[in-house]
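> Here you go, sequence then predicted model.
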Amino acid sequence: MDDTLARRLAEIESAFDETEAALSHPETLSNPAMLAELGKRHADLRDVVSDIRRLRELVADLEDARSMADDPDMADMARDLADEIGDIEDRVRLALIPTDPADAKDVILEIRSAAGGDEAAIWAGDLLRMYERYADRIGLEIEPLDSSPSEAGGYDKVTVAIKGNGAYSRMKYEAGVHRVQRVPKTESQGRIHTSTATVAVLPEVEEVDVEIDPNDLKVDVYRSTGPGGQSVNTTDSAVRLTHIPSSLVVTVQDEKSQLQNKEKAMRILRARLYQLELDRQQSELAGARRSQVGSGGRSEKIRTYNFKENRVTDHRLGLTLKRLDQVLEGDLEEFVTALSADEQATRLAEGV
């Protein structure tokens, strides 16, 4: 164990001991907010401190075993102890790397048809159904926010909220271009077409996370319309918000109430502004959707869904599953697990 890691582990153990002592202090017990905060900090540190203390015991045992290396049994024990120490050190190093602060947040999910015309809109609808089924499998809740249905079926654009513990940590890997290869129902000669839809995944934030000056907003109201301009509302209930400093525009028309549409539009705008600021801080491309989904071209894909071969390939991992039908029924867990493990391995390789 290097000196830098040893110092950090000692600091964490000390912080845990201080937190544990503070939890029993009369001042803490009479302050519910302080009690909750300290309780969360204690819970966050408990597992890693348990590993730290186990690691210290194992290192001492390894020193004893190596001092008796002439004994074959002790030599075998030393090898086993070294392996266990390596595993715990990796786990501790990973625990010390700050997690994405957005992981616990709910999600604003935007799906847009891209290359492929009507078939792209139908594909956007298929993706929405896939995410609805995935959310249902893992106990997350879907809330419709806004949609622009396509005359051919599916959506030109659809926006939903996905709510539940760790929603963003599960959904964030879906951001990007999703390419489908299949024979459209309208194709009389059986030719395979390639179409795409883009997915943006934004952490939903509260008003306290993103403060929006009302003077920076331009609010337009108009009558909601359906596919092809068909009127679906006789009142000016649809809302368009323009955030002047950033030029971000959000429109919502799904609800019959102007107030409800405005509230949903503000939620989407806050999520976009939050991601915009994160992108700025990280010196990435400005704008969450632009950084996540590119232009929507067929070559800018994170995943390809091939119907003829019942195959799905995630290009970030080179992982191919020969069960497209199950994936479209919401069975995304193998992709999510693999992408999460890849992210953790990358963070671990970068060191503490």
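Received, thanks.
> from here on, contacts and neighbour counts on C-alpha atoms
Noted.
> how does this protein divide into domains?
Domains of the chain are assigned by automatic domain parsing as 3-96, 107-342.
> Start and end of the first one, how far apart?
By that I understand domain 3-96. Using Cα to Cα, to the nearest Å, the end-to-end distance of domain 3-96 comes out at 15 Å.
> before we move on, back to that, can you redo the domains of the chain as JSON lines with mean neighbour count?
Putting the domains of the chain into JSON lines (neighbours: other Cα atoms under 10 Å) gives the following:
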{"stretch": "domain 3-96", "mean neighbour count": "15"}
{"stretch": "domain 107-342", "mean neighbour count": "18"}
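> Any chance of CSV for these, columns mean pLDDT?
CSV is the format used below for those (pLDDT from 0 to 100):
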stretch, mean pLDDT
domain 3-96, 84
domain 107-342, 83
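> and the gap between the closest residue to residue 316 other than its chain neighbours and residue 198?
Of all residues not flanking residue 316 in the chain, residue 302 sits nearest, at 6.2 Å (Cα to Cα, 6 or more residues apart in numbering). Relative to residue 198, residue 302 is positioned 10 Å away (criterion: Cα to Cα).
> same deal with residue 83?
44 Å.
> now the helices for the stretch 51-200 of the chain?
Using DSSP state H, counting those that start in this stretch, the helices of the stretch 51-200 of the chain run over 72-96, 118-137, 167-171.
> so what does the first one touch, helix or strand wise?
For helix 72-96, the elements it packs on are helix 32-67, helix 333-349, judged by 3 or more Cα pairs under 8 Å, 6 or more residues apart in numbering; DSSP states H and E.
> Now render those as CSV, adding distance to residue 12.
Shown next, in CSV, are the helices and strands packed on helix 72-96 (distance: least, Cα to Cα, whole Å):
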stretch, distance to residue 12
helix 32-67, 7
helix 333-349, 18
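> out of those, which comes closest to residue 106?
Checking the helices and strands packed on helix 72-96 against residue 106 by Cα to Cα gives helix 333-349 as the closest, at 16.7 Å.
> what angle separates the closest one from helix 72-96?
In terms of direction (axes from the mean of the first three to the mean of the last three Cα atoms, to 10 degrees), helix 333-349 departs from helix 72-96 by 100 degrees.
> tell me how far helix 333-349 is from the chain's mean position?
Mean-position distance between helix 333-349 and its chain equals 12 Å (Cα atoms, centre = their mean, to the nearest Å).
> Would you mind pulling up the elements that it packs against?
helix 72-96.
> can you list contacts of the helix it packs on?
With contacts defined as Cα atoms under 8 Å, 6 or more residues apart in numbering, helix 72-96 is touched by 48, 51-52, 55, 58-59, 61-62, 65-66, 68-69, 344, 347-348, 351-352.
> Report the beta-bridge partners for residue 107.
Residue 107 has these beta-bridge partners by DSSP bridges: residue 162, residue 203.
> I'd guessed it sits against residue 206; true?
No - taking contacts as Cα atoms under 8 Å, residue 107 lies outside contact range of residue 206: 11.8 Å.
> Residue 104: what's it in contact with?
165-169.
> who's in contact with the residue located most distally from the centre of the chain?
Residue farthest from the centre of the chain, counting by Cα atoms, centre = their mean, is residue 70 at 52.1 Å. Counting by Cα under 8 Å, 6+ apart, residue 70 makes contact with nothing.
> how close does it get to residue 78?
Noted for residue 70: a distance of 11 Å to residue 78, by Cα to Cα.
> now residue 162
Separation of residue 162 from residue 78 (Cα to Cα) stands at 49 Å.
> Repeat that for residue 264.
Per Cα to Cα, residue 264 is found 60 Å from residue 78.
> And for residue 216?
Counting by Cα to Cα, the gap from residue 216 to residue 78 is 66 Å.
> Then residue 342?
Counting by Cα to Cα, the separation of residue 342 from residue 78 is 30 Å.
> which residues touch the residue positioned nearest the centre of the chain?
Closest to where the C-alpha atoms of the chain average out (Cα atoms, centre = their mean) is residue 172, at 2.3 Å. Residue 172 sits next to 201-202 when contact means Cα under 8 Å, 6+ apart.
> where's it relative to residue 252, distance?
Distance from residue 172 to residue 252, counting by Cα to Cα: 23 Å.
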